[in-house]
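Student: all I have is the shape, not the residue letters:
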């Protein structure tokens, strides 16, 4: 059984990626979530509506013990399952000016994005190397590429993942494993729901927010055979706001 795991797969961009992977590939979809079980079950139903198989896995990517326990138990129950595609999508924001930023707001964002990437990717890395195939897509952000005021923590976390993407890609390329990052700009989702869209689109050349579906289409391209010579790249999808 060949599988694709999407962390933070229950809502927004993560959900769109799960559904699109179900449409375009034959992978068994592993939908990770941390807190919102109802949203995860809705995503599961949407994937199954595509005629594909899927399951939900509950763990906090920032908690290595939990990651190892849940994924280890899943692997034991499914000894023939091979995770070929990993989309590191889980992320949180704790926005605020740096001068007033509490340690917890810094640590939680770094833990989820940076340590979350390490915890989940390291679980599968040796397996992918032995299998001589893999597709890793790390969801970053325009904030990690250009920096966004009010998001020093988030910008730092996503910039760290960009560096990790480029380095890891070089380590594993010989084994037909690609590692790329996708950097969305303003995409309609829960994370951007409270932003003033009318004001912000004045700065976006495309004159609109992006759709989660558009990001999902890009991720699906990167995990396909068509993208096998693309690795170590950061692909911006932001309507021209920062190109």
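Tutor: Received, thanks. Since the structure is predicted, the reported quantities are computational estimates derived from the model, not experimental observations.
Student: show me where this structure has its strands.
Tutor: For the chain, the strands defined by DSSP state E cover 2-6, 28-33, 54-58, 82-88, 134-139, 177-184, 234-237.
Student: look up how far residue 32 lies from residue 121.
Tutor: The gap separating residue 121 from residue 32 is 13 Å, by Cβ to Cβ, to the nearest Å. For glycine as for every other residue, the C-beta is placed from the backbone atoms N, C-alpha and C.
Student: enumerate every residue touching the closest residue in space to residue 189 that isn't next to it in sequence.
Tutor: Excluding its sequence neighbours, the residue lying closest to residue 189 (Cβ to Cβ, 6 or more residues apart in numbering) is residue 12, at 3.6 Å. Taking Cβ atoms under 8 Å, 6 or more residues apart in numbering, we find residue 12 in contact with 187, 189, 190, 191, 212.
Student: residue 19 - nearest residue in space that isn't next to it in sequence?
Tutor: residue 46 (5.0 Å).
Student: how many neighbours does the nearest residue to residue 55 once chain neighbours are set aside have?
Tutor: What sits nearest to residue 55 in space, not counting adjacent residues and going by Cβ to Cβ, 6+ apart, is residue 30, at 6.3 Å. Neighbours of residue 30 under the rule other Cβ atoms under 10 Å: 24.
Student: per-residue confidence at the residue nearest to residue 189?
Tutor: For residue 12, the pLDDT comes out at 94.
Student: from residue 205, how far out is the residue nearest to residue 55?
Tutor: From residue 30 to residue 205 the distance is 36 Å (Cβ to Cβ).
Student: try residue 121
Tutor: Residue 121 is 34 Å from residue 205, by Cβ to Cβ.
Student: still on that earlier bit, so the residue nearest to residue 55 sits against residue 54, correct?
Tutor: Yes - using Cβ atoms under 8 Å, residue 30 makes contact with residue 54 at a distance of 7.2 Å.
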